[in-house]
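Peer 1: I would like to see how this sequence folds:
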Amino acid sequence: MSSAEHSRSEPLVNESETKKTMQFFSSQESIEENVDNFAVQADIVDCHEKSDDSKSDCNHVKEMETSQEDMAANNNYGDTSLSSVTIVAPVTPRLFKRRWLILLLFASYSGSNAYQWLHLVIVSDKIIFYYNASLPDSELGQLFAVDFLSMIYMVVYVALIFPATWMLDKKGLRLTAIVGCLLNALGAFVKCFAVRPDLFWLLFFAQTICAVAQVFILGIPTRLAAVWFGIDEVSTATAIGVFGNQIGTALGFVIPPEVVTSDNFEYVGHGLSLMMYVGAGVTALLFILVLIFFQNNPPVPPSHAQVTAANTWSNEDYCGSIRRLMTNVGFTLLVITYGSNTGSYYAISTLLNSIVVYYFPGETGNAGNIGLTLVVAGIFGSVLAGIWLDKTKYFKWTTVAIYILSFAGMITFTFTLDLNHIWVVFLCSGFLGFFMTGYLPVGFEFAAELTFPESEGTSSGLLNASAQVFGIVLTLGVRALTSLPNGMLIGNLTICGVLLVGSFVTGLIKSDLRRQGAQRKKLTESATKETIVVAIDDDLEFSERADPGDDIDSKNECEFCDDNEFKCNHLEVTLGH
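Peer 2: Sure, this is the predicted structure:
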């Protein structure tokens with residue numbers, strides 16, 4: 001808001017008139033009801049008395065703006081109490097350019113954690129070869145031990161989901177991001193000391209630290225998108241947040257097979273060391289950047305829906321929120337279907353090396369490239385799905401369509417593995433990844449719509465917990481089935497069956513888009529508001545009729561009718577619509 005200076009020669013009202021209280025009410029409801037939960041912006045006239053006691057001239061207009069940063073610091077967008085001025089007016093949602101920096105930082109450190117998840121299991125044959133001295137004697141035991149380097153992410157998430165979502169809801173984005181980044185860097189550094197054949201236990205301990213870090217990361221995308229981005233950007237922002245995690249997964253698929261290539265014991269150790277030290281350096285740098293630049297929330301909320309949500313969060317009973325979420329039938333069904341789809345993706349990612357080597361012996365490098373294809377296609381799917389949702393708001397049918405196509409992709413992937421044409425596997429994995437991985441942000445956003453105004457961090461946390469449970473069950477189940485004749489085929493068909501059931505259940509979810517409804521309600525209320533009341537030091541009270549079509553920061557002269565016995569041509573009010 002820019003300050004303005006005006007000099008007027010017209011006489012203002014006499015002092016006795018300024019003592020009068022003038023209140024105007026809309027035809028439907030009182031001002032207090034109309035403008036509840038809105039912040040303040042206004043320009044105020046500073047008038048000096050003339051020598052004539054009965055007259056006053058308005059020679060100066062000074063800008064006076066409430067400190068919205070102070071409000072945000074108190075996590076209360078609606079705290080507008082002032083000592084000398086009480087102004088009630090609709091808040092003007094604002095978008096800040098720094099939101100893209102915040103999103104980029106999150107996507108980067110989320111990706112580094114996803115890289116830590118898969119960079120060991122994708123070269124599982126090399127890990128077994130190098131750490132053989134500290135692994136179980138049986139072949140199946142060794143495979144399970146290496147699989148648990150991935151599954152520990154799933155186990156820890158289920159165990160710690162509630163304290164992590166509580167921290168996100170009550171302490172905010174910044175503290176949660178710092179904790180996640182710190183643990184991720186710590187785990188990466190411990191891995192540097194675990195590159196020794198007899199220290200598989202230390203490698204597993206370091207991976208567990210990274211797994212704990214993940215608990216403070218996966219629930220952030222929807223919350224960050226809601227807090228920082230406008231109503232027409234949230235799905236895209238969520239998709240970009242998930243995009244960062246997928247980039248990390250892609251790097252976890254492709255980098256290790258290129259670094260750890262040799263069958264020589266010494267060279268395998270050297271490749272592992274190089275991989276660990278570079279990973280530790282990157283995670284440390286990201287921690288420093290988050291510590292310096294990552295912010296909790298913008299000074300002003302980005303949408304009317306976010307104003308409502310912020311007020312809800314400030315008074316939220318966490319246990320009550322969990323209870324309401326779990327009794328929400330639509331959300332409960334989504335928890336099951338999201339878990340089955342994403343859990344299938346986790347199982348395929350964990351077992352991909354074994355699947356590819358089973359059908360194409362010696363193709364460890366191509367296992368990583370197939371994983372890369374799976375994830376990169378999913379990145380495009382995620383971003384396009386986010387843009388599509390922002391443009392159309394077709395949350396349910398987009399979710400159903402993607403789910404059915406994920407099932408079709410898994411069927412195609414399963415029955416083309418034994419054709420002995422690896423390029424066909426690449427094509428099918430791309431098709432599968434585009435929809436299965438692209439489903440991740442769609443599920444998050446559909447949950448946010450179904451559960452509004454509950455915290456997005458809590459709803460997405462429960463979705464992820466379900467995904468981890470399904471991931472553990474499917475990974476262990478498919479791994480156990482591989483010991484049977486045609487076990488790999490049976491395992492893949494099991495995942496196909498899970499996706500088929502999930503597609504059917506998704507169709508049963510009612511499309512109850514509460515967040516969109518809240519946004520429309522606020523816009524309607526804002527458009528019908530016609531009156532605000534301003535009181536200045538109890539000396540001057542005025543009301544101005546606002547045109548709902550005015551632009552943000554438009555300036556209007558305030559004129560009272562002759563019935564009120566005076567005119568005021570010396571006042572500017574900045575109105576937010």
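Peer 1: just for the stretch 251-400 of the chain, where's the confidence low?
Peer 2: Within the stretch 251-400 of the chain, the ranges that satisfy pLDDT under 70 run 304-317.
Peer 1: just the helices in it please.
Peer 2: 265-293, 304-314, 318-326, 329-359, 364-392, 395-416 (DSSP state H, counting those that start in this stretch).
Peer 1: just so I know, which of those lies nearest residue 487?
Peer 2: Taking Cβ to Cβ, helix 329-359 is the member of those nearest to residue 487, at 9.1 Å. Where C-beta positions appear, they are placed from N, C-alpha and C, glycine not excepted.
Peer 1: from the chain's centre, how far out does the closest one sit?
Peer 2: 21 Å (Cα atoms, centre = their mean, to the nearest Å).
Peer 1: Report the angle between it and helix 318-326.
Peer 2: 80 degrees (axes from the mean of the first three to the mean of the last three Cα atoms, to 10 degrees).
Peer 1: so how far is stretch 126-138 off the chain centroid?
Peer 2: With Cα atoms, centre = their mean, you get 39 Å for stretch 126-138.
Peer 1: Contacts for that stretch next, please.
Peer 2: Residues outside stretch 126-138 that contact it (Cβ atoms under 8 Å, 6 or more residues apart in numbering): 120-121, 141-146, 149, 197-201, 203, 260, 263, 265, 268-269, 272, 364.
Peer 1: let's see it at 6 Å
Peer 2: Identification of contacts with stretch 126-138 by Cβ atoms under 6 Å, 6 or more residues apart in numbering yields 120, 142, 145-146, 197-198, 200, 260, 268.
Peer 1: from those residues, which two are the most distant?
Peer 2: 198 and 260 (18.6 Å).
Peer 1: one step back: save the helices of the stretch 251-400 of the chain as JSON lines, and put in distance to residue 447 and mean neighbour count too.
Peer 2: Compiled in JSON lines, those are given as follows (distance: least, Cβ to Cβ, whole Å; neighbours: other Cβ atoms under 10 Å):
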{"stretch": "helix 265-293", "distance to residue 447": "26", "mean neighbour count": "17"}
{"stretch": "helix 304-314", "distance to residue 447": "14", "mean neighbour count": "21"}
{"stretch": "helix 318-326", "distance to residue 447": "9", "mean neighbour count": "14"}
{"stretch": "helix 329-359", "distance to residue 447": "6", "mean neighbour count": "23"}
{"stretch": "helix 364-392", "distance to residue 447": "12", "mean neighbour count": "22"}
{"stretch": "helix 395-416", "distance to residue 447": "10", "mean neighbour count": "21"}
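Peer 1: can the ones you listed go into JSON lines with extra columns for distance to residue 423?
Peer 2: Listed next are those as JSON lines, based on distance: least, Cβ to Cβ, whole Å:
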{"stretch": "helix 265-293", "distance to residue 423": "27"}
{"stretch": "helix 304-314", "distance to residue 423": "47"}
{"stretch": "helix 318-326", "distance to residue 423": "45"}
{"stretch": "helix 329-359", "distance to residue 423": "13"}
{"stretch": "helix 364-392", "distance to residue 423": "10"}
{"stretch": "helix 395-416", "distance to residue 423": "10"}
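Peer 1: Out of these, which gets nearest to residue 513?
Peer 2: Closest to residue 513 of the helices of the stretch 251-400 of the chain is helix 395-416 (Cβ to Cβ; 6.2 Å).
Peer 1: Would you indicate which residues of the helix or strand just after the closest one are buried?
Peer 2: Using DSSP states H and E, the helix or strand that follows helix 395-416 towards the C-terminus is helix 422-436. The neighbour-count check on helix 422-436 (16 or more other Cβ atoms under 10 Å) flags 425, 428-436 as buried.
Peer 1: And stretch 504-511, by the same measure?
Peer 2: So, applying 16+ other Cβ under 10 Å, buried residues of stretch 504-511: 506, 509.
Peer 1: all strands of the protein, in order?
Peer 2: Along the chain, counting by DSSP state E, strands occupy 43-49, 56-63, 85-87, 531-536, 540-545, 555-557, 572-574.
Peer 1: Could you dump the buried residues of helix 422-436 into TSV and include pLDDT and distance to residue 162?
Peer 2: Formatted as TSV, the buried residues of helix 422-436 follow (pLDDT from 0 to 100; distance: Cβ to Cβ, whole Å):
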residue	pLDDT	distance to residue 162
425	88	40
428	89	38
429	88	35
430	89	37
431	90	37
432	89	32
433	87	31
434	89	33
435	88	31
436	85	27
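Peer 1: Greatest separation within those: which pair is it?
Peer 2: Checking the buried residues of helix 422-436 with Cβ to Cβ, the most distant pair is 425 and 435, at 16.6 Å.
Peer 1: ok, residue 461 - contacts?
Peer 2: By Cβ under 6 Å, 6+ apart, residue 461 lies in contact with 161, 165, 219.
Peer 1: again, only using 7 Å
Peer 2: Neighbouring residues of residue 461 by Cβ atoms under 7 Å, 6 or more residues apart in numbering: 161, 164-165, 219.
Peer 1: cool, and residue 481?
Peer 2: The neighbours of residue 481, taking Cβ under 7 Å, 6+ apart as the test, are 487, 490-491.
Peer 1: re the thing from before, nearest to residue 223 among the buried residues of helix 422-436?
Peer 2: For the buried residues of helix 422-436, the nearest to residue 223 is residue 436 (23.7 Å; Cβ to Cβ).
Peer 1: The closest one against residue 407, yeah?
Peer 2: No: the criterion here is Cβ atoms under 7 Å, and residue 436 misses it with residue 407 at 9.2 Å.
Peer 1: which neighbours do these two share?
Peer 2: Between them, residue 436 and residue 407 share no contacting residue, judged by Cβ under 7 Å, 6+ apart.
Peer 1: Okay, now the unreliable bits of the protein?
Peer 2: Checking the chain against pLDDT under 70 turns up 1-91, 304-317, 515-577.
Peer 1: quick one, longest helix in it?
Peer 2: Using DSSP state H to define each element, the chain has its longest helix at helix 139-171.
Peer 1: what sits against the residue nearest the centre of the chain?
Peer 2: Taking Cα atoms, centre = their mean, the centroid of the chain lies closest to residue 221, which sits 1.6 Å from it. Neighbouring residues of residue 221 by Cβ under 7 Å, 6+ apart: 238, 241-242, 444, 460.
Peer 1: Closest one of those residues to residue 174?
Peer 2: Distance to residue 174 across the contacts of residue 221 (Cβ to Cβ) is lowest for residue 241, with 15.6 Å.
Peer 1: Quick check: that closest one touching residue 227?
Peer 2: No: using Cβ under 7 Å, residue 241 makes no contact with residue 227, being 11.8 Å away.
Peer 1: if we can go back for a sec, now the contacts of residue 481 in a markdown table, with distance to residue 192 and neighbour count?
Peer 2: Below are those laid out as a markdown table (distance: Cβ to Cβ, whole Å; neighbours: other Cβ atoms under 10 Å):
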| residue | distance to residue 192 | neighbour count |
| --- | --- | --- |
| 487 | 37 | 15 |
| 490 | 40 | 14 |
| 491 | 35 | 25 |
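Peer 1: any idea which of the residues you listed is closest to residue 336?
Peer 2: Among these, and counting by Cβ to Cβ, the member closest to residue 336 is residue 491, at 20.9 Å.
Peer 1: which residues sit in contact with the closest residue to the closest one other than its chain neighbours?
Peer 2: Sequence neighbours aside, residue 478 is the residue nearest to residue 491 in space, at 3.5 Å (criterion: Cβ to Cβ, 6 or more residues apart in numbering). Listed by Cβ under 7 Å, 6+ apart, the contact set of residue 478 reads 347, 351, 491, 494.
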